[in-house]
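1. Make a model of this:
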Amino acid sequence: MSGTRRVRPSSGAAIASSPWIIVSIGVIVMVVLLVVALGSVRGRRTFAETPPPAPTMSLPEVPATSPAIPGQATRPPTSAAGPVVPGLSPRSTVLPARPTPNRPAGTATGSSPGGRPAPPPPAPPVTGRYGVVSSFDGGFIGEVRLVNTAGTARGWTVRLTFPRGRLVTAWVSGAEQGSGDFTDGVFTYRSGVALAPGASVALQFHFEQTGTTRPTSCAVDGAACSGL
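-> Modelled structure (predicted):
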């Protein structure tokens, strides 16, 4: 009908009738607030995590050297320990070892560490002197006279070397007998009883077909006999 009036709905009524519009507006507001909050938090964290400035390195000061005065002895500079600079290593002042000359093995220097001549080895407690009692066709009788130079009683061992020949017998003159053997040209005799301090005794022996009356070597307790 031409006389009917059409009523136009207001904007508030339109919003009320459409609730998704209100929800959309709320979501947009929340997103904006979240973006603003994240931006402020990131700015604070960046400022807090900024590393402090690196410490400045201080180099040790070089001591000033005074000019040398003619006629006056110069004193070597003394080294003072300065601060260690990080990342820099101090220069080594250790001199290389001086090479020692090669010395053949088995040679002795003949002097003590102090530069003085080395003292001779001490004399053995029991000494021996070789001698020939008598000689005859095909053999001889010899002896080693033993003397105990120690202050206590000592035993002894005599060793004689005859590369050729044959041992007939051996004995200790005027004392208790010991034990002896002759093997591969070496005659070894060990005392039966210890020799008293300052006492002397003779070990005698009979050899044949040696070709000589002198042994190749004679020793008492490892020390060479005299009289050869």
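
2. For the rest of this, base every contact and every neighbour count on C-alpha atoms.
-> Will do.

3. List of residues touching stretch 137-154?
-> 125-135, 194-211, 213 (Cα atoms under 8 Å, 6 or more residues apart in numbering).

4. Filter these down to the ones in strands?
-> Secondary structure from DSSP state E places 126-135, 200-208 of the contacts of stretch 137-154 in strands.

5. Weed out the non-buried ones from these.
-> Among the ones in strands among the contacts of stretch 137-154, those classed as buried by neighbour count (16 or more other Cα atoms under 10 Å) are 126-131, 201-208.

6. Quick check: Leu167 vs Asp181, distance?
-> 9 Å (Cα to Cα, to the nearest Å).

7. Given whatever helix or strand Leu146 lives in, what are its sheet partners and their directions?
-> Using DSSP states H and E, Leu146 sits within strand 139-148. Partners of strand 139-148 in the sheet, by DSSP bridges, are strand 126-136 (antiparallel), strand 200-208 (antiparallel).

8. Could you dump these into JSON lines and include mean pLDDT and distance to Phe187?
-> Output for the strands paired with strand 139-148, formatted as JSON lines (pLDDT from 0 to 100; distance: least, Cα to Cα, whole Å):
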{"stretch": "strand 126-136", "mean pLDDT": "95", "distance to Phe187": "14"}
{"stretch": "strand 200-208", "mean pLDDT": "96", "distance to Phe187": "10"}
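
9. can you list those strands in JSON lines and add distance to Leu33?
-> Output for the strands paired with strand 139-148, formatted as JSON lines (distance: least, Cα to Cα, whole Å):
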{"stretch": "strand 126-136", "distance to Leu33": "115"}
{"stretch": "strand 200-208", "distance to Leu33": "124"}
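
10. The protein: strands as residue ranges?
-> Remark: strands assigned in the chain by DSSP E are 126-136, 139-148, 157-161, 166-173, 179-183, 186-190, 200-208, 217-220, 223-224.

11. any chance you could map the helices in the protein?
-> With DSSP state H, the ranges of helices along the chain come out as 11-17, 19-48.

12. rank those by pLDDT, which is bottom?
-> Mean pLDDT values for the helices of the chain show the minimum at helix 11-17, a mean of 58.

13. and which of the buried ones among the ones in strands among the contacts of stretch 137-154 is nearest to Gly39?
-> Nearest to Gly39 among those: Val126, at 106.8 Å, using Cα to Cα.

14. which intervals of the chain have sub-threshold pLDDT?
-> 1-18, 41-115, 120-123 (pLDDT under 70).

15. Alpha carbons only: can I get stretch 23-34 in CSV?
-> Extracted C-alpha coordinates of stretch 23-34, given in CSV (Å, rounded to 0.1, in the frame of the first residue of the first chain):
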residue,chain,number,x,y,z
VAL,A,23,33.9,-10.5,18.2
SER,A,24,36.0,-9.3,15.2
ILE,A,25,36.6,-5.9,16.8
GLY,A,26,37.7,-7.6,20.1
VAL,A,27,40.1,-9.9,18.3
ILE,A,28,41.7,-7.0,16.4
VAL,A,29,42.2,-5.0,19.7
MET,A,30,43.8,-8.0,21.4
VAL,A,31,46.2,-8.6,18.5
VAL,A,32,47.2,-4.9,18.6
LEU,A,33,47.8,-5.0,22.4
LEU,A,34,49.9,-8.3,22.0
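
16. Going by neighbour count, list what's buried in that stretch.
-> Neighbour counts over stretch 23-34 (16+ other Cα under 10 Å) mark no residue as buried.

17. Leu167 and Asp181: which is more packed in?
-> Of the pair Leu167 and Asp181, Leu167 is the one with more neighbours under other Cα atoms under 10 Å, namely 20 against 13.
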